[in-house]
Structures are given as structure tokens and as C-alpha cells.
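[1] sharing a model that was predicted from the sequence below.
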Amino acid sequence: MAPPGFAPPSYSHDRIPTRLVNKEAPPVGIDTNGRAYIIFFSYLFLAVSLTAFVIAHLRSSYSRLIQSHTPRSPKLTKHVRMYAVLAIWSVLAIWSVLVVWYYELQYFKISYQTWMRWRSYYDLTPDQMHWGLWLRETSLFREAWETAVVGNARYWWTHQIFLFACALGVSLEQTEVRRGTKHAWAFILLGQIVSVGFATNLYLLGLLLSPYPSPPPTSTESNPRKWLGPWVLSLLMIIFTEGPAHMLVDEHYWHHQTDFLPMVIIPHVALLMLPVARAILPRRFLANSSVETTGKAYGYLWAATILGGGLLFVRITVMSYGYSGVQGILDALLEAPAVSSVAFDVIFCWLAWGVWWFIQKPRPAASIKDKDGSEGVDAWTGRSSQAEPVREDNGVRRR
């Protein structure tokens with residue numbers, strides 16, 4: 001963390017940001033709030049549209065699950081515990097978006113008040129809201145991430161969002177390989193615009209609501225065993241998501257005029273590349289190799305994700321503990337709205353994946369049999385409790 005009294009190069013000697021000094025006066029007769037309204041409502045419309053799209057997709061999956069009579073779809077009316085799990089994720093999703101966006105709005109408020117305080121010192125009065133001028137002379141995205149990253153105790157909380165965003169991307173891609181969905185881009189974009197915790201809870205909720213069909217039969221001739229496939233792009237996604245997170249530990253990036261912002265933008269772009277490609281390109285361009293090879297590849301991808309995130313967690317924990325101790329880390333949680341927004345997003349990600357890992361643990365009563373003698377079905381996820389052979393054109397292949 002920077003020592004007290006330190007100011008970046010963009011600040012004058014009296015610690016007034018140079019970008020707030022000698023600014024042009026607001027234009028006379030022009031409503032400076034117009035641009036703010038357009039930007040705000042466009043952003044809000046995109047967030048609401050993505051949320052509505054994802055929720056509509058979940059409702060459609062739930063309807064298909066209820067109407068399905070295959071032994072792979074559980075009879076939800078008989079499994080109260082599954083309803084309880086669905087309720088938990090629904091509550092977590094609602095609370096995640098409410099808490100995160102409460103602090104987001106608080107950040108907007110403080111940003112405007114800070115800008116107005118310096119601006120009114122020169123040529124503005126607080127009797128009129130100059131939201132358009134405020135947005136033009138500030139960089140909310142950059143300043144929010146600077147506030148959340150600069151400081152070891154703060155970064156202890158916020159660096160974890162890179163790990164959870166990467167985990168969501170890997171899990172979405174792995175699900176796409178198994179189930180053939182083309183909506184991964186919506187969850188990734190929802191996580192970037194609204195909240196990673198919100199998108200994660202909705203994604204895991206969708207996994208429970210969706211039937212788990214058998215993989216489509218494929219020929220070993222058309223899909224030979226090979227170690228080249230879309231998982232290579234997933235590996236690049238991990239590198240360009242967690243790599244910048246490691247680099248942001250270095251104080252060189254904290255106050256650098258040009259090097260900081262790319263470290264934040266690169267993970268956003270890397271997470272969207274493969275999901276957008278799958279949504280646009282024909283499926284044959286991103287065909288996977290054999291099921292066995294793909295399963296091994298994503299096992300290594302998960303290992304790389306956890307290893308990269310774990311090493312960064314240990315590194316920043318040692319640094320932040322050495323600087324401010326446990327109390328300093330706890331105080332950083334509510335130190336600034338920009339930090340709290342990301343930190344609580346991380347907390348809800350931990351809760352979401354924690355519940356998921358808990359229900360995936362093997363249970364003695366997880367496999368049940370219907371009265372008609374049909375195959376057992378996992379009461380939690382709706383997956384078959386037995387591995388069925390899937391016939392191919394030239395033989396038998398097991399999942």
C-alpha cells in the first residue's frame with residue numbers, strides 16, 4: 001500500500017487532481033444532464049435486458065424439466081430438499097445484486113460529490129446538477145478499479161473476483177461442451193455489467209433446472225482423439241484473466257497513466273472471446289475432440305484456474321497481513337463503496353460455490369428408485385446415478 005501523503009504523478013503539489021484544475025465552464029443554455037441520462041438508461045436497459053433474457057432461459061429450462069418424463073429428470077414435487085436449494089440460490093442471487101448495487105450507487109454518489117467539491121471551487125455552484133459534465137470529466141470505470149485495487153488490504157478482497165470470473169468462464173465452457181448451450185455469453189456479460197455473484201447464482205440455478213441429457217452419439221472417425229480444440233482458447237482465457245490479476249500486485253500499475261487500465265480491460269475481453277465465438281460461429285468451427293480427451297483437458301484447466309488463483313491469494317495475503325494485519329483487511333471491507341461493491345460480490349461468489357460443492361458431496365440416499373423400477377436419479381441435480389453406455393456407429397463408448 002502506498003505510504004500516507006503519497007500522490008500519483010497526475011496530482012498537483014497541493015494534492016488537487018490536475019484534471020480538475022482550469023476546466024472549461026459549463027456551456028450556457030445547454031442541458032449538461034442529457035448525456036448522463038442517455039448513458040445511465042442505456043446501461044440500465046442492457047443490465048435489465050440481460051437479466052430478463054437469462055431468467056426467461058431459466059424458466060424455459062424449468063418448463064422442459066417438468067414436462068420431461070425421461071428417467072434423467074427428477075420428479076421435483078417429491079424432493080423438498082431440491083426446492084430448498086433452489087430457494088437458497090434464488091435468495092443469494094437477489095441479495096447479491098441488491099448489496100452490490102447499493103454500494104455501486106454509493107460510489108456514484110461519492111464520485112459526484114468529490115467532483116463537485118473541486119469543481120465548485122472554481123466555476124460551479126451546487127444549485128444545479130451537472131451530471132453530464134461530471135461524466136465527461138471523470139472516468140468512473142477506471143477510478144472505481146483504482147480505488148478497489150490500490151492498497152494491499154483492499155486488493156486482498158478484490159483480487160478474488162478475477163478467480164471467480166475465471167471459474168465461471170471455465171464452468172460455462174465445460175457445460176457448453178456437455179449440453180450444447182449457446183447462452184454462455186449472456187452469463188459472462190451479465191457478470192461484467194451487473195455482478196459476478198449474481199451471474200454465478202443464476203448459472204448454478206440453471207444447472208439444477210436443466211435436464212442432464214446424454215451426450216449426442218458421435219463417430220470416432222469424425223471426432224478423433226486429439227489434444228487441440230476450443231479448450232486451448234479456454235486456457236488462454238485463464239492466462240489473460242488471472243495473469244493481469246497477478247501483475248496488479250505490483251505498485252507500478254497502481255498510479256501509472258497508461259499501464260493500469262489495460263490490466264483491467266484484458267480480463268473483460270478474454271472472458272467474452274470464446275462464448276461470443278460459440279454464439280456466432282457455426283458449431284463445426286469449434287468442435288471438440290473425443291469425450292475422454294475433452295474431460296481430461298478441462299480437468300487440467302480447473303487445476304490451472306485453482307492453482308493460479310491460490311498462488312495469488314497466498315501472495316496477497318502475506319503482503320496485506322504484513323502491512324496492516326487481520327484488522328486492516330477487515331477494515332478495508334467497508335473502507336470505500338468501490339471496494340465494498342467488489343468485496344461483497346466476492347463473498348456472494350463464495351456462498352454460491354460453497355452451496356454447490358456442498359450439495360455435490362456423495363450422499364447415501366442420493367440414489368433413489370421409482371416404484372416402477374426405473375433407474376435411480378440424483379435428488380439434488382437430476383442426474384442419473386448410473387453411467388449408461390452410449391452407442392456409436394462403430395462400437396460402444398462409455399461416458
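    Perfect, I can see it now. Residues are numbered from 1 along each chain as shown.
[2] who's in contact with Leu209?
    Leu58, Ser61, Tyr62, Leu65, Leu86 (CB atoms under 8 Å, 6 or more residues apart in numbering). All C-beta atoms are positioned from the backbone trio N, CA, C, and that covers glycine.
[3] what is the nearest of these to Ala336?
    Proximity of the contacts of Leu209 to Ala336, judged by CB to CB, is greatest for Leu58, which lies at 33.9 Å.
[4] the closest one against Leu208, yeah?
    No: the pair Leu58 / Leu208 is not scored as a contact, 9.7 Å apart, by CB atoms under 8 Å.
[5] between the two, who's got more neighbours?
    Leu208 (22 against 18; other CB atoms under 10 Å).
[6] host element of that one?
    helix 196-209 (DSSP states H and E).
[7] can you pull the buried residues of that helix?
    196-209 (16 or more other CB atoms under 10 Å).
[8] going along the chain, name the helices of the protein.
    Secondary structure of the chain (DSSP state H): helices at 34-67, 80-120, 131-137, 140-149, 152-158, 160-179, 184-193, 196-209, 231-247, 260-280, 291-332, 337-359.
[9] what's the closest of those helices to Tyr253?
    helix 260-280 (4.9 Å).
[10] for the closest one, packing partners?
    Judged by 3 or more CB pairs under 8 Å, 6 or more residues apart in numbering; DSSP states H and E, the packing partners of helix 260-280 are helix 140-149, helix 160-179, helix 184-193, helix 231-247.
[11] before we move on, the earlier item: include pLDDT and distance to Tyr43 when you put the buried residues of helix 196-209 into CSV, please.
    Below are the buried residues of helix 196-209 laid out as CSV (pLDDT from 0 to 100; distance: CB to CB, whole Å):
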residue, pLDDT, distance to Tyr43
Val196, 94, 17
Gly197, 93, 19
Phe198, 94, 15
Ala199, 93, 16
Thr200, 93, 21
Asn201, 92, 21
Leu202, 91, 19
Tyr203, 91, 22
Leu204, 89, 26
Leu205, 87, 24
Gly206, 84, 24
Leu207, 83, 28
Leu208, 80, 30
Leu209, 78, 28
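[12] wait, which of these is closest to Val318?
    Val196 (24.9 Å).
[13] that closest one and Leu50: what is the separation?
    Val196 sits 13 Å away from Leu50, going by CB to CB, to the nearest Å.
[14] likewise for Arg154?
    28 Å.
[15] what's the pLDDT at the closest residue to Phe53 other than its chain neighbours?
    Of all residues not flanking Phe53 in the chain, Ala186 sits nearest, at 5.7 Å (CB to CB, 6 or more residues apart in numbering). Ala186 is assigned a pLDDT of 90 by the prediction.
[16] my read: Ser340 touches Val346, true?
    No: between Ser340 and Val346 there is no contact under CB under 8 Å: 10.5 Å.
[17] so how many other residues sit close to Thr241?
    Thr241 has 25 neighbours, counted by other CB under 10 Å.
[18] quick check: it touching Val269?
    No: Thr241 is beyond contact range of Val269, at 9.7 Å (criterion: CB under 8 Å).
[19] who's in contact with Phe164?
    Val196, Gly197, Thr200, Val346, Cys349, Trp353.
[20] now the fourth one: closest residue in space that isn't a chain neighbour?
    For Val346, the nearest residue in space outside its immediate sequence neighbours is Gln160; the separation is 4.5 Å by CB to CB, 6+ apart.
[21] same question, the second one
    The shortest distance from Gly197 to any residue that is not its chain neighbour, by CB to CB, 6+ apart, is 3.3 Å, and that residue is Phe348.
[22] can you tell me which of the buried residues of helix 196-209 is nearest Leu98?
    Nearest to Leu98 among the buried residues of helix 196-209, with distances taken as CB to CB, is Phe198, at 9.4 Å.
[23] my read is that the closest one contacts Ser90, right?
    No: look at Phe198 against Ser90 with CB under 8 Å: they stay out of range, at 11.4 Å.
[24] a markdown table for the helices of the chain, including distance to Tyr253?
    Shown next, in a markdown table, are the helices of the chain (distance: least, CB to CB, whole Å):
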| stretch | distance to Tyr253 |
| --- | --- |
| helix 34-67 | 26 |
| helix 80-120 | 21 |
| helix 131-137 | 23 |
| helix 140-149 | 8 |
| helix 152-158 | 11 |
| helix 160-179 | 14 |
| helix 184-193 | 20 |
| helix 196-209 | 21 |
| helix 231-247 | 6 |
| helix 260-280 | 5 |
| helix 291-332 | 14 |
| helix 337-359 | 17 |
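[25] and those helices, which one is worst for confidence?
    Among these, helix 131-137 scores lowest, with a mean of 78.
[26] what's that helix packed up against?
    helix 34-67, helix 80-120.
[27] so can I have JSON lines of those helices showing distance to Val276?
    As requested, the helices and strands packed on helix 131-137 are exported to JSON lines (distance: least, CB to CB, whole Å):
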{"stretch": "helix 34-67", "distance to Val276": "14"}
{"stretch": "helix 80-120", "distance to Val276": "23"}
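[28] which of the ones you listed sits closest to Thr317?
    Per CB to CB, nearest to Thr317 of these: helix 80-120, 23.1 Å.
[29] burial measure for the residue nearest to Phe53, as a count.
    Around Ala186 there are 22 residues (other CB under 10 Å).
[30] distance of it relative to Leu209?
    For Ala186, the distance to Leu209 - CB to CB - is 15 Å.
[31] my read is that Ser61 contacts Ser210, right?
    Yes: at 4.4 Å, Ser61 counts as touching Ser210 under the criterion of CB under 8 Å.
[32] which one's more surrounded, the two?
    Using other CB under 10 Å as the criterion, Ser61 and Ser210 rank with Ser210 on top: 21 against 18.
[33] that one contacts Arg59, doesn't it?
    No: Ser210 sits out of contact with Arg59 when judged by CB under 8 Å, with a separation of 11.5 Å.
[34] which residues are common contacts for the two?
    If you check Ser210 and Arg59 against CB under 8 Å, 6+ apart, no residue is contacted by both.
[35] now Glu335: phi and psi?
    phi -70, psi -40 (degrees, to the nearest 10).
[36] cool, thanks, signing off.
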